[in-house]
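In: here is a sequence together with a model predicted from it:
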Amino acid sequence: MTIVSCIWIGIEHLGQDLAVGAVSSHRRSRQVFCGRLAAVEDLRAALNEQTVIGQSGDLQPEWHDADAGTTIGAGLLSDLLRQRRPVEEVVVVLPPWDARHHPAPPEAELQVLLEVKVPSQVPLEVPLEVTLDHAGGFVERIAMSAAAARAVMSPPESIGMTILSPTAPALTAVGAGLQALTGTWADVERSWWQDRRMQLALMHPAQWLSERAAPKR
């Protein structure tokens with residue numbers, strides 16, 4: 001039987017329970033994890049422990065350092081998808097809706113803040129350039145991943161493309177806008193996939209697990 005590939009994009013935002021479910025023995029496809037590998041060392045270690053001993057070597061997880069939020073990373077992903085044909089499913093794991101705050105300042109910088117009497121209860125705002133970079137990378141991640149998936153998927157081997165949305169709600173205006181944009185984009189894009197007898201799904205990680213995971217024996 002032909003072993004097809006399930007390509008995961010954005011694994012730096014992937015939860016361990018979902019990753020373990022993806023590499024369970026009932027999966028009939030090669031799991032290919034792509035993203036910023038430096039951020040997922042613990043995840044890789046956990047999956048190595050969960051990998052079934054004696055499983056076919058073709059079904060061992062693959063790991064590739066490619067960030068879909070950058071032009072270079074998207075190009076690497078496009079090449080990778082073409083090399084891994086046939087592709088069963090492309091799963092895009094979205095980052096949080098909101099841009100993250102900078103980490104707490106080092107002690108030296110904190111001392112400066114205290115000296116100028118900055119109130120400790122006032123949160124550090126996300127700089128505008130960080131917010132804009134987050135929004136741009138967010139949109140590029142979806143658009144580039146969809147373009148790459150379109151080029152390599154076809155039935156009956158291919159299920160389609162799945163976008164896994166963050167479980168935490170948006171707390172900022174930009175985050176809420178990205179959330180609404182993602183839903184609208186999926187609604188409009190879905191007809192292209194349906195015309196080719198494939199699906200485009202937007203769901204939470206727990207829903208993916210319940211729909212894709214086979215019952216335990």
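Out: Received it, and whenever you're ready, just let me know what you need.

In: contacts and neighbour counts: CA atoms only from here.
Out: Noted.

In: longest helix in this protein, by residue count?
Out: In the chain, taking DSSP state H as the definition, the longest helix is helix 128-152.

In: check the average confidence over it, would you?
Out: Mean per-residue pLDDT for helix 128-152: 90.

In: what packs against it?
Out: With contacts defined as 3 or more Cα pairs under 8 Å, 6 or more residues apart in numbering; DSSP states H and E, the packing partners of helix 128-152 are helix 71-83, strand 87-93, helix 173-195.

In: just how off-centre is it within its chain?
Out: 11 Å (Cα atoms, centre = their mean, to the nearest Å).

In: and the contacts of that helix?
Out: For helix 128-152, contacts defined as Cα atoms under 8 Å, 6 or more residues apart in numbering pick out 9, 68-70, 74, 77-78, 81-82, 85-87, 90, 92, 94-95, 98-99, 161, 174, 178.

In: among those residues, the buried ones, what's the ChimeraX command?
Out: Buried members of these, defined by 16 or more other Cα atoms under 10 Å, are picked up in ChimeraX with:
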select :9,68,69,70,74,77,78,81,85,86,87,90,92,94,95,98,99,161,174,178
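
In: show me what contacts residue 76?
Out: Residue 76 is in contact with residue 66, counting by Cα under 8 Å, 6+ apart.

In: state the distance from the residue most central in space within the chain to residue 164.
Out: Ranked by distance to the mean C-alpha position of the chain (Cα atoms, centre = their mean), the top residue is residue 93 at 2.0 Å. When distance is defined by Cα to Cα, to the nearest Å, residue 93 is 5 Å away from residue 164.

In: where does this protein dip in pLDDT?
Out: Scanning the chain for pLDDT under 70 picks out 1-3, 25-28, 50-59, 101-124, 213-217.

In: what about 50?
Out: 1, 53-54, 56, 104-114, 116-123, 215-217 (pLDDT under 50).

In: number of nearby residues for residue 18?
Out: Using other Cα atoms under 10 Å, residue 18 has 14 other residues around it.

In: now it. Its backbone dihedrals?
Out: phi -70, psi -40 (degrees, to the nearest 10).

In: quick check: it touching residue 209?
Out: Yes - look at residue 18 against residue 209 with Cα atoms under 8 Å: they come within range, at 6.6 Å.

In: now residue 199. Nearest residue, chain neighbours left out?
Out: residue 160 (4.8 Å; Cα to Cα, 6 or more residues apart in numbering).

In: what bridges to that neighbour?
Out: Using DSSP bridges, the beta-bridge partners of residue 160 come out as residue 89, residue 199.

In: give me the distance between it and residue 85.
Out: Residue 160 is 13 Å from residue 85, by Cα to Cα.
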